[in-house]
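Chemist: Pasting the sequence and the predicted coordinates here, then a few questions.
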Amino acid sequence: MSAASRPTLAPDPTRVAPEGPVIFAVMDGVGVGRGDEGDAVTAALTPTLDWLRGLPSATTLAAHGTAVGMPSDKDMGNSEVGHNAIGAGRVFEQGAKLVAQSIASGALFRGEVWRWLIEGVHDSREPLHFIGLLSDGNVHSHIDHLLALLDRAAADAVPKVRVHILTDGRDVPGRSALRYIDTLEAALAKLREQGFDYQIASGGGRMHLTMDRYEADWAMVERGWDVHVRGRARKFASARAAVETLYAEHPELDDQHLPGFVIADQGGVGAPLGPIRDGASVVFFNFRGDRALEITRAFEDDSFTEFDRSPRPKVRYAGMMQYDGDLHLPKRFLTAPPAIDRSMGELLAGAGKRQLAIAETHKFGHVTYFWNGNRSAPFDPALERYIEVPSDAKPLEQRPWMKAAEVTDTLLQALREPGPGFDLVRLNYANGDMVGHTGELRSTILAVEAVDLCLARLVRATEQLGGVLIVTADHGNADQMFDGEGEARQVRTSHSLNPVPLAIYDPREPRLGPALSLPARPGLSNLAATTLSLLGFAAPDDYDPSLLA
Ligand SMILES: O=C(O)[C@H](O)COP(=O)(O)O
Ligand SMILES: [Mn+2]
Ligand SMILES: [Mn+2]
């Protein structure tokens with residue numbers, strides 16, 4: 001967009017921007033729990049967070065369910081919807097809801113992309129393949145969407161379907177894969193009774209294959225290519241047999257980390273059921289983009305060099321959604337993504353303000369792509385600097401400090417460079433969330449403590465630079481490491497439904513933080529207007545209101 005056509009921001013005459021930067025720190029996955037045994041945030045030694053939460057400007061924010069555009073308040077928050085709400089200052093109906101609506105209204109199946117996929121396999125007699133995350137987590141996908149697509153494929157007389165399943169264990173209980181496999185198998189068996197050849201063809205853990213994000217580990221995607229496309233992995237007679245065998249052989253693994261497998265005919269010793277060949281149609285049925293972009297590029301990108309795809313099948317490929325609006329990935333998609341426009345990043349770029357976004361690899365796209373409304377490119381490269389601090393590929397429960405210190409080092413160095421400073425810093429600490437997903441309580445406590453050490457450095461830098469510090473989170477995770485109590489207690493690897501903390505530290509204020517004026521249910525979507533206000537601007541009228549009094 002040219003500078004002339006960019007939306008503009010009006011000044012807020014009642015506010016004076018600080019001399020230094022507004023530093024907006026997202027502690028990923030650090031919610032406000034119940035202070036019980038499984039609350040790693042309360043258990044952690046966090047003197048700085050405790051002090052921040054004692055400021056008059058501290059409160060808690062809704063970060064799940066309808067407050068972030070999810071279908072219902074039973075839905076957890078997640079990084080995508082959380083950072084979208086933070087960045088855009090409004091609540092948009094998110095992928096989970098848009099796909100469900102489009103299926104319910106039939107719009108998805110009336111669209112030309114669905115018809116193109118179906119026509120392709122009618123002509124080629126190759127299967128229609130579905131690849132995606134098999135659970136009801138509703139973070140990246142929902143099994144109900146897959147079931148609806150299968151029914152419709154049968155109604156459209158597609159004779160042969162192959163499903164490639166990624167087991168979850170990260171947005172749902174750690175070992176719950178069989179539940180979803182049984183549901184899927186029952187639906188497939190029903191369709192087979194009607195004469196259709198519909199089968200599960202391959203699978204594996206989502207954190208072992210296919211669903212890498214932000215190019216942290218391309219080898220994961222290559223493993224997925226081998227399993228789904230080439231049909232190369234250990235063979236089993238059924239997905240249930242695969243998962244049961246892998247559970248028994250690897251007592252330490254949950255569903256997210258299961259090795260890849262293929263289903264083969266002749267009771268598991270014959271040919272793999274579903275390699276992807278020329279003429280096939282392929283639907284990646286996840287709606288969320290971060291972990292869908294790399295496999296999408298492997299299918300679509302002609303100048304791809306990340307690994308050797310040969311022989312690369314010529315297929316008709318579509319995503320459940322478009323995953324990146326700037327890069328137009330994928331080219332074809334079944335549901336239009338939320339039309340997130342005029343995010344705070346775009347408005348500030350339009351106002352000539354300088355922004356720095358920084359995180360380690362695991363969360364790099366959260367402060368860039370998600371924050372910008374699922375666009376990866378800066379609005380104005382002359383005004384925006386995006387810094388990725390490389391993550392380790394090592395098990396995070398063994399290194400819960402992750403790269404928090406390095407992120408802070410790099411940030412503080414950038415803030416002390418000579419020349420025009422940054423007006424806004426967008427920062428994410430991955431620890432609470434990424435280590436929370438391992439289900440390891442002790443490691444997660446350390447993860448939260450590592451973040452707290454960094455917050456202390458941010459507090460000092462804020463004072464030295466004459467800035468303002470905003471500390472919050474995108475959703476809970478570390479705050480709830482168990483489900484159930486007593487005998488029924490289970491490790492919880494997924495996010496929580498808890499609210500998240502908010503504190504604004506402004507050393508210029510007599511009570512060290514601005515007075516807040518809170519709506520009935522303050523949420524993440526109030527933070528964009530709040531941030532713009534701290535920077536001396538009035539937010540657009542359709543933004544959810546600022547929390548400053
Ligand atoms: O992708 C993931 O790691 C989980 O499904 C959700 O976690 P996030 O929303 O914090 O990324
Ligand atoms: Mn997150
Ligand atoms: Mn998470």
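Modeler: Sure, I can see it. Ligands and ions are numbered 1, 2, ... in the order given.
Chemist: so who does the residue of the stretch 301-450 of the chain found nearest ligand 2 touch?
Modeler: At 4.5 Å from ligand 2, residue 433 is the closest residue in the stretch 301-450 of the chain, using C-beta to the ion. Every C-beta, even on glycine, is put in place using the N, C-alpha and C of the backbone. By C-beta atoms under 8 Å, 6 or more residues apart in numbering, the residues touching residue 433 are 28, 29, 30, 79, 363, 474, 475, 477, 478, 495.
Chemist: So which of the residues you listed wins on neighbours?
Modeler: Neighbour counts for the contacts of residue 433 peak at residue 478, which has 37 neighbours (criterion: other C-beta atoms under 10 Å).
Chemist: returning to that earlier point: and the residue of the stretch 301-450 of the chain closest to ligand 2, what helix or strand is that in?
Modeler: Using DSSP states H and E, residue 433 maps to helix 431-436.
Chemist: Do you know the pLDDT at the residue of the chain found nearest ligand 2?
Modeler: Going by C-beta to the ion, ligand 2 is nearest to residue 79 of the chain, at 3.1 Å. Confidence at residue 79, expressed as pLDDT, is 98.
Chemist: tell me the contacts of it?
Modeler: 28, 290, 363, 366, 370, 433, 474, 475.
Chemist: now do 7 Å
Modeler: Contact partners of residue 79, counting by C-beta atoms under 7 Å, 6 or more residues apart in numbering, are 28, 366, 370, 474.
Chemist: thinking again about what came up before, can you tell me how far the residue of the stretch 301-450 of the chain closest to ligand 2 sits from residue 359?
Modeler: According to C-beta to C-beta, to the nearest Å, residue 433 and residue 359 sit 11 Å apart.
Chemist: now residue 352
Modeler: Residue 352 sits 24 Å away from residue 359, going by C-beta to C-beta.
Chemist: Could you do residue 403 as well?
Modeler: Going from residue 403 to residue 359 by C-beta to C-beta gives 9 Å.
Chemist: who has more neighbours, the two?
Modeler: Taking other C-beta under 10 Å, residue 403 and residue 359 do not tie; residue 359 has more neighbours (28 against 24).
Chemist: quick one: what helix or strand has the more buried one in it?
Modeler: Residue 359 belongs to strand 355-360 when assigned by DSSP H and E.
Chemist: Report the contact partners of residue 479.
Modeler: 30, 31, 32, 33, 39, 40, 41, 496, 498.
Chemist: do residue 427 as well
Modeler: Residue 427 touches 23, 24, 25, 26, 358, 359, 367, 411, counting by C-beta under 7 Å, 6+ apart.
Chemist: Restricted to helices, list those residues.
Modeler: Judged by DSSP state H, the contacts of residue 427 include residue 411 as members of helices.
Chemist: Quick one: which of the contacts of residue 427 is the most crowded by neighbours?
Modeler: Top of the contacts of residue 427 by neighbour count (other C-beta under 10 Å): residue 26, with 31 neighbours.
Chemist: Quick check: neighbours shared by residue 403 and residue 359?
Modeler: Residues touching both residue 403 and residue 359 (C-beta under 7 Å, 6+ apart): there are none.
Chemist: can you count the residues close to the residue nearest to residue 423 when sequence neighbours are not counted?
Modeler: In space, and not counting its chain neighbours, residue 423 is closest to residue 353: 4.1 Å by C-beta to C-beta, 6 or more residues apart in numbering. Residue 353 has 23 neighbours, counted by other C-beta under 10 Å.
Chemist: Residue 353 contacts residue 422, correct?
Modeler: No: when contacts are counted by C-beta atoms under 7 Å, residue 353 is not listed as touching residue 422 (8.5 Å).
Chemist: ok, back up a step: select, from the contacts of residue 79, the two members most distant in space.
Modeler: Within the contacts of residue 79, two members stand farthest from each other by C-beta to C-beta: 28 and 370, at 11.0 Å.
Chemist: how about low-confidence regions in this protein?
Modeler: 1-6 (pLDDT under 70).
Chemist: Report the buried residues of stretch 290-305.
Modeler: Buried residues in stretch 290-305, counted by 16 or more other C-beta atoms under 10 Å: 290, 291, 292, 293, 294, 295, 296, 297, 298, 299, 300.
Chemist: Secondary structure class of residue 214, three-state.
Modeler: coil (DSSP: H, G, I helix; E, B strand; the rest coil).
Chemist: Equivalent analysis for residue 385, please.
Modeler: Residue 385 ends up strand, using three-state DSSP.
Chemist: That one: how many residues sit nearby?
Modeler: Using other C-beta under 10 Å, residue 385 is surrounded by 15 other residues.
Chemist: likewise the one 5 residues further on?
Modeler: Using other C-beta under 10 Å, the number of residues around residue 390 comes to 11.
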